[in-house]
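Participant: Got a predicted model here, sequence first, then my questions.
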Amino acid sequence: DSLSSRNAFVSLPADVVRATKIIRDNTGQLWVGTNGYGLRKFNPGVKQFQVYVPHVSVSNLLADRQGRLYARSQLAYGL
């Protein structure tokens with residue numbers, strides 16, 4: 001299957017141990033918080049992930065009414 005915003009979470013890169021939170025923004029992109037591997041964004045238009053804030057654990061993701069994304073995070077172990 002090709003990647004889409006509906007099945008992207010099953011195709012996370014192999015180094016991602018656990019997704020902690022997944023939300024869709026107002027543009028249709030998926031934001032994935034991980035346990036120790038940063039914040040990742042899946043763009044269905046190009047069918048790939050981008051890494052933001054590497055080496056952190058993201059415990060929560062929130063979007064406000066203006067579409068701004070907020071992430072609660074902490075440094076990953078051993079860094």
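Facilitator: Perfect, thanks for sending it.
Participant: rest of the way, CA atoms for contacts and neighbours
Facilitator: Fine.
Participant: Give me the neighbour count for P44.
Facilitator: P44 has 18 neighbours, counted by other CA atoms under 10 Å.
Participant: For whichever helix or strand V51 is part of, list every residue counted as buried.
Facilitator: Using DSSP states H and E, V51 sits within strand 48-52. By neighbour count on 16 or more other CA atoms under 10 Å, the buried set for strand 48-52 is Q48, F49.
Participant: mind checking pLDDT for S59?
Facilitator: Among the per-residue scores, S59 holds a pLDDT of 85.
Participant: Measure how buried it is and give me the count.
Facilitator: S59: 16 neighbours (other CA under 10 Å).
Participant: List the residues that contact it.
Facilitator: By CA atoms under 8 Å, 6 or more residues apart in numbering, the contact list for S59 reads T20, K21, G33, T34, N35, A71, R72, S73, Q74.
Participant: Using pLDDT, spot the least trustworthy of those residues.
Facilitator: Ranked by pLDDT, the contacts of S59 bottom out at Q74, which has 69.
Participant: which residues in the protein form strands?
Facilitator: Taking DSSP state E to define them, one finds strands in the chain at 19-24, 30-34, 39-43, 48-52, 56-63, 69-75.
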